[in-house]
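# here is the input, now give the coordinates:
(chains A and B)
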Amino acid sequence: MSALARLWAIALNTFREATRNRVLYVLVVFAALLMAFSVVLGELSLHEQTRVIKDLGLAGISGVGLVIALFLGVNLLSKELDRKTVFFVIPKPLHRHEFLAGKFVGLAVTLALLVAVMAATLAVVLALEGGLHDIALVRAEVLVLFELWLVVAVALLFSSFSSPYLSAMFTASLWVVGRNSGELRAFAEGKLSDTPIGALLSGVAAVLPDFHAFYVSGGMLGDATPVSIHGSFIGWGYVAQAGLYGAAYGGACLVIAALLFARRDFT
Amino acid sequence: MSVLSVEALRKTFVRGLARRRTEALRGVSFAVEPGEIFGFLGPNGAGKTTTIKILMGLIFASSGTARLFGTEVGRREAKQRLGYLPENPYFYDYLTVVELLDMVGRLHGLPAAQRRQRASALIEEVGLGHAAGRPLRSYSKGMLQRAGLAQALIGDPELVVLDEPMSGLDPIGRKEVRDIIVSLRRRGKTVFFSTHILSDATLLCDRVAILVRGELRDTGPLGQLLSPAIDGVEVLYTADDELGARIAAGPGQHERTSEGRVARVADLAAANAVAKAVLEGGGTLLSLAPHRQSLEELFVQEAAAPGRGAEAGS
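This is a model prediction of the structure:
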């Protein structure tokens, strides 16, 4: 039997666990309500209804997705330990790293489904208001999904050696810093260049996950081109590049998590 | 080749900031042969679960070796031939027993049709047919234990390791688990189970190992471990007060019970003398029972024997 089939058995179980969690549905309903509220806000703006719905809708997908990724990601391993299910599953014929990878894949599939559902809801809301869920929005949603997968990988790394509370705190902190990595680099290369603090900030910016790479709407790319889902947005090439970055960084997190998990005593 | 073997197994837990060391296992060695039911006995905290967790790849030994089917523990190939029921089993409580067995069947590499067929046969065998569609969170402790047995058996393992399988079960549940263990032996499986319920071990085991405070005190067939010598005889009889008083004046301890009069004497010769006096005096002999050492007495004797005094793991 292939490692892939064993990994899928764990992934399927993780998917079942996530989709049977009522909190998940509450958060998805919250995202839908936020989109509905964006229609009301849109009415208050002057001829900018579609713009407001897109902005709020995308923020809702990102925000709710982030809460779910963080909440489920940090609990992915700790729940197994707290509920002692790890005592039942580790003696089964699978490697520990397959178990870890299966947990990640299960949550990644869950998040993909959630983002798809929320994106479809946004498309319906937009259509009702005469707007279009265009390809720029699809690219932005794909980037949000990549970002969520990276959040899960980072959360999994922290939860392989620390408590869920600490893991959530570390992951959330990294996300905040990572989302502002552009500013960090600007400081390091601007006023603080050629100073030890500048060098330190550059090093930190290079090592920490660059979550800003996945939320580019309204931002500036490296060549100072402003990008927006309402105007000139990034192409599929950039999406693929960000995806590769996420895969490499997330993959490294999972490898380190697997190494830590491999020698852990489950007492 | 032994199905399971441990050699000079040691485990020391280091806990807390003060790095407090707890020696849970101190050089444990034993082997389990194919087709036998092996009882792993010991009081709570003796180190039984620690040993089993090392064998299951859940924790790592500080030193010594642990092998399953001749290969190092933790290897997937060995785990493929193994079924395990943890102590107080905790499963994914949002699953039904059908989904649980499907998941474990997938991990064992069973094709879908075989998974379905084995799962439904096992669900019937452990008596969970009426609750197959309910999530495990709604199960009682006894039902969870049965679900645990079913998941341990779905891969048709050669070796079944059960950690306290009778714990928390009512007498009927315990009998059902005993029946399943016996049927496993009939099918040629090897069963290794830990327990502190000695009557279960007496009824089931071909061999036992007795673990006390992290040290192995004895291993072998029950008949060899228990002393064959008669250490007393109990004679139960009825007699009138005069005959009763005459017999009670003789050697041994004498008392009256609801069933009749009891004379506890040192050996068979003294018991014969009591029986002769009862019969000649017009009384009725109800029973004559020689007393040999029981597993419980051996267990208490081993547990009471001085160890090295350190606290062991559970």
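# what about the helices in the stretch 1-150 of chain A?
Chain-ordered helices for the stretch 1-150 of chain A, with DSSP state H, counting those that start in this stretch as the definition, fall at A:3-19, A:22-44, A:49-82, A:86-89, A:96-128, A:135-159.
# most packed of these?
helix A:135-159 (a mean of 24; mean count of other CB atoms under 10 Å in any protein chain shown). (Glycine included, C-beta is placed from N, CA and C.)
# that helix packs against which elements?
When contacts are defined as 3 or more CB pairs under 8 Å, 6 or more residues apart in numbering or on different chains; DSSP states H and E, helix A:135-159 sits against helix A:49-82, helix A:96-128, helix A:164-179, helix A:236-262.
# can you redo those helices as JSON lines with mean pLDDT?
Below are the helices and strands packed on helix A:135-159 laid out as JSON lines (pLDDT from 0 to 100):
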{"stretch": "helix A:49-82", "mean pLDDT": "89"}
{"stretch": "helix A:96-128", "mean pLDDT": "93"}
{"stretch": "helix A:164-179", "mean pLDDT": "91"}
{"stretch": "helix A:236-262", "mean pLDDT": "94"}
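# quick one: which of the helices of the stretch 1-150 of chain A is nearest B:Glu255?
Among the helices of the stretch 1-150 of chain A, helix A:86-89 comes nearest to B:Glu255, with 49.4 Å by CB to CB.
# show me the contact partners of the lengthiest helix in chain B.
Under DSSP state H, the helix in chain B containing the largest number of residues is helix B:171-186. Identification of contacts with helix B:171-186 by CB atoms under 8 Å, 6 or more residues apart in numbering or on different chains yields B:35-37, B:125-127, B:142, B:145-146, B:149, B:153, B:160, B:162, B:165-166, B:169, B:191, B:193, B:197, B:200, B:203-204.
# can you rerun that using 7 Å?
In this structure, residues lying in contact with helix B:171-186 by CB atoms under 7 Å, 6 or more residues apart in numbering or on different chains are B:35, B:37, B:127, B:142, B:149, B:160, B:165-166, B:169, B:191, B:200, B:203-204.
# ok, stretch A:178-196 next?
The set of residues external to stretch A:178-196 that reach it, using CB under 7 Å, 6+ apart, is A:198, A:201-202, A:204-205, A:208-212, A:215.
# just the buried ones among these, please.
For the contacts of stretch A:178-196, burial is judged from neighbour counts taken by 16 or more other CB atoms under 10 Å in any protein chain shown, and it is met by A:198, A:201-202, A:205, A:208-212, A:215.
# just the residues you listed now: which is nearest B:Leu225?
Scanning these for proximity to B:Leu225, where the rule is CB to CB, the winner is A:Pro209, at 60.9 Å.
# wait, isn't that closest one in contact with A:Thr171?
No - with contact defined as CB atoms under 7 Å, A:Pro209 does not count as touching A:Thr171 (9.7 Å).
# how distant is stretch B:152-172 from the center of its chain?
Computed by CA atoms, centre = their mean, to the nearest Å, the chain-centroid distance of stretch B:152-172 equals 11 Å.
# quote the end-to-end distance of that stretch.
Distances were taken as CA to CA, to the nearest Å; on that basis the terminal residues of stretch B:152-172 are 20 Å apart.
# list the contacts of the residue nearest the centre of chain A.
For chain A, A:Leu148 is the residue whose C-alpha lies nearest the centre (CA atoms, centre = their mean; 1.0 Å). For A:Leu148, the contacting residues are A:65-66, A:69, A:111, taking CB under 7 Å, 6+ apart as the criterion.
# quick one: it and A:Ser78, what's the gap?
According to CB to CB, to the nearest Å, A:Leu148 and A:Ser78 sit 19 Å apart.
# need the contact list for the closest residue to the residue nearest to the centre of chain A other than its chain neighbours.
By the measure of CB to CB, 6 or more residues apart in numbering or on different chains, the closest residue to A:Leu148 outside its immediate chain neighbours is A:Ala69, 4.4 Å from it. Going by CB under 7 Å, 6+ apart, A:Ala69 touches A:111, A:148, A:151-152.
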